[in-house]
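Engineer: Need coordinates for the below:
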Amino acid sequence: MPADLHIQRITTGDFQTHTYLVAYGELCWIIDPGFGVDQVLEQIKHGGWTLTDIVLTHGHVDHIAGVQAVHDAYPSAGILIHRAEERFLLDPALNLSIALDRPVVAPPATRLLDHGDVLDLAGLAFHVRHTPGHSPGGVAFYQPDHKLAISGDALFASGIGRFDFPTSDGATLIRSIREQLLTLPDDTRILPGHGPETTVGQERLTNPYLTGDQPVLA
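Structural biologist: Here you go, the predicted model:
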């Protein structure tokens with residue numbers, strides 16, 4: 001990875017969710033701040049970056065639990081989520097936190113994303129790819145120059161996102177992965193919401209949900 005793009009993965013909470021600090025030039029984003037964001041905030045201060053946006057791959061509780069804390073520390077930062085999940089930030093039933101002892105409500109979005117949008121980080125373009133199925137507004141953020149996609153909970157190393165939630169659909173998820181992620185070059189790094197990173201080529205060849213070895217029934 002070129003030295004001018006800094007990506008740090010911080011894993012927190014009972015669900016071992018990955019929060020990504022993405023910095024380029026003097027600016028940075030936090031992607032999917034989950035439970036426990038103190039380390040991420042410290043890294044921003046240590047790096048001397050300016051946080052411009054809180055960027056969300058989707059609105060499940062383990063990916064948005066830290067939005068309020070980040071917003072409190074950086075109130076001018078934008079909050080970006082796909083328009084299909086605008087209400088997830090405000091509704092503990094939709095974001096699944098109602099099942100926990102600590103229902104989560106985040107501040108409202110400042111920008112609603114659509115498939116095909118291009119987000120700018122200090123001149124570096126990230127392409128928004130809509131990947132519904134795990135949730136209706138799941139997205140991946142694809143950076144072609146650096147050959148990486150931050151994929152949220154759509155695609156994992158040897159797995160895919162859960163599709164047994166009320167707003168999930170397994171067939172839609174498989175179609176999203178095939179159309180929006182497997183169409184990327186094989187050497188594209190996949191930085192998922194949980195577990196180790198992988199590549200498009202590796203998952204194309206070995207992921208049992210994509211080779212047909214593991215059927216998707218829902």
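Engineer: what's the span of stretch 133-152, first residue to last?
Structural biologist: The stretch stretch 133-152 measures 12 Å between its terminal residues, going by CA to CA, to the nearest Å.
Engineer: Count the residues that sit near the residue lying closest to residue 122 once chain neighbours are set aside.
Structural biologist: Residue nearest to residue 122 in three dimensions, not counting chain neighbours: residue 25, with 3.7 Å by CB to CB, 6 or more residues apart in numbering. Bear in mind the C-beta positions are built from the backbone N, C-alpha and C, glycine included. For residue 25, the neighbour count with other CB atoms under 10 Å is 14.
Engineer: Please give me every residue in contact with residue 131.
Structural biologist: Contact analysis of residue 131 by CB atoms under 8 Å, 6 or more residues apart in numbering lists 138-140, 151-152, 154-155, 173, 176-177, 180-181.
Engineer: quick one: the helices in the protein?
Structural biologist: 38-47, 61-64, 67-73, 170-176, 200-206, 208-211 (DSSP state H).
Engineer: For the fifth one, enumerate the helices and strands it packs against.
Structural biologist: Helix 200-206 sits against helix 208-211, with contacts defined as 3 or more CB pairs under 8 Å, 6 or more residues apart in numbering; DSSP states H and E.
Engineer: Contacts only, for the residue nearest to residue 122.
Structural biologist: By CB under 8 Å, 6+ apart, the contact list for residue 25 reads 4, 121-123.
Engineer: Now the phi/psi pair for it, please.
Structural biologist: Backbone geometry at residue 25, expressed as degrees, to the nearest 10, gives phi 60, psi -130.
Engineer: how close does it sit to residue 194?
Structural biologist: Relative to residue 194, residue 25 is positioned 29 Å away (criterion: CB to CB, to the nearest Å).
Engineer: what's the answer for residue 186, then?
Structural biologist: 22 Å.
Engineer: Of the two, give the one with the bigger neighbour count.
Structural biologist: Comparing residue 186 with residue 194 by other CB under 10 Å, the one with more neighbours is residue 194, at 17 against 13.
Engineer: quick one on the thing from earlier: looking at the contacts of residue 131, spot the one nearest residue 198.
Structural biologist: Minimum separation from residue 198 among the contacts of residue 131 (CB to CB) is found for residue 155, which lies at 7.9 Å.
Engineer: The closest one: what's it in contact with?
Structural biologist: Neighbouring residues of residue 155 by CB under 8 Å, 6+ apart: 131, 161, 177, 181, 190, 192, 198, 203, 207.
Engineer: Also residue 68?
Structural biologist: Applying CB under 8 Å, 6+ apart as the definition, the contact partners of residue 68 turn out to be 105-107.
Engineer: Likewise for residue 100?
Structural biologist: The contact partners of residue 100, taken as CB under 8 Å, 6+ apart, are residue 61.
Engineer: what's the spacing between it and residue 61?
Structural biologist: Where residue 61 is concerned, residue 100 sits at a distance of 7 Å (CB to CB).
Engineer: One more: residue 122?
Structural biologist: Relative to residue 61, residue 122 is positioned 30 Å away (CB to CB).
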